[in-house]
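Undergrad: give me a model of this one.
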Amino acid sequence: MSLYITKAGQVYADRIKVKIFPGIERGELNQVNGIVVHQTNSPTASATFNSYANTGANGAHFLIDKDGTIYQTASVYKRANHVGKLKSRCLAEHSCRPTDLQIVQRLKDKPTPLHRHEQKKPYPERYPSNVDSIGIEIVGMAQGQGSDEKKVYESVTDAQNNSLRWLVRQLADTWNISLQEVFTHPTVSRKNLTEASTAKWH
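TA: Numbers count the residues shown, from 1 in each chain. Here you go, the predicted model:
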């Protein structure tokens, strides 16, 4: 069942609390091809909201608190910077054309040139990016010592996963998105591999 969305891009549903932060919005989002699931690396929803209020902050369209409460934090008609530099989808899925394979293999350890190369591709030859995806943040910390890459994100709670399943289903129905086009952040971009690894949306 499709969501009811106002002209301003606010979603009205009993399970969603609208708490928009205009500062994380980055222009028009004219096409939604996929959904990207993140974890915040913050202990509470309030901590994330505080960061969203800062000038130049980045964020996602929705946030799911530890107790499963869903907040809408950006208009679904606006872009949000939540993805980062894209990995090569065809390399991960073993579907590159020969000429493209040579290019992405040469660029795979060069994040910025690879991202620029991927962004030129039509969807779905690339992963969803800031220009055509909705982002969902789940409150959760990366724990442990050392660099960010060595830390491990805490497990997503049952309440969060229940809300995530509902939200993804609603968004997928509204934009006619296949569940195959829903990804965790480290799948599509260069992030800690444990981020959202325990998130379950189907």
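
Undergrad: going forward, measure contacts between C-alpha atoms and count neighbours the same way
TA: Noted.

Undergrad: centre of the chain to the helix or strand bottoming out on mean pLDDT in the chain, how far?
TA: One helix or strand of the chain scores below all others by mean pLDDT, DSSP states H and E: strand 142-143, with a mean of 93. Put simply, strand 142-143 sits 19 Å off its chain's centre (C-alpha atoms, centre = their mean, to the nearest Å).

Undergrad: ditto for stretch 50-59
TA: Relative to its parent chain, stretch 50-59 has a centroid offset of 16 Å by C-alpha atoms, centre = their mean.

Undergrad: measure that stretch end to end?
TA: Length of stretch 50-59, first residue to last, C-alpha to C-alpha, to the nearest Å: 11 Å.

Undergrad: got the contact list for stretch 36-51?
TA: By C-alpha atoms under 8 Å, 6 or more residues apart in numbering, the residues outside stretch 36-51 that reach it are 57, 63-66, 83, 128, 133-142, 153, 182-185, 195-196, 199.

Undergrad: drop anything exposed from these.
TA: Buried subset of the contacts of stretch 36-51 (neighbour count, 16 or more other C-alpha atoms under 10 Å): 63-66, 83, 128, 133-142, 153, 182-185, 195-196, 199.

Undergrad: just the element for the residue positioned nearest the centre of the chain, please.
TA: The centroid of the chain falls nearest to residue 36 when counting by C-alpha atoms, centre = their mean (2.8 Å). For residue 36, the enclosing helix or strand under DSSP states H and E is strand 34-39.
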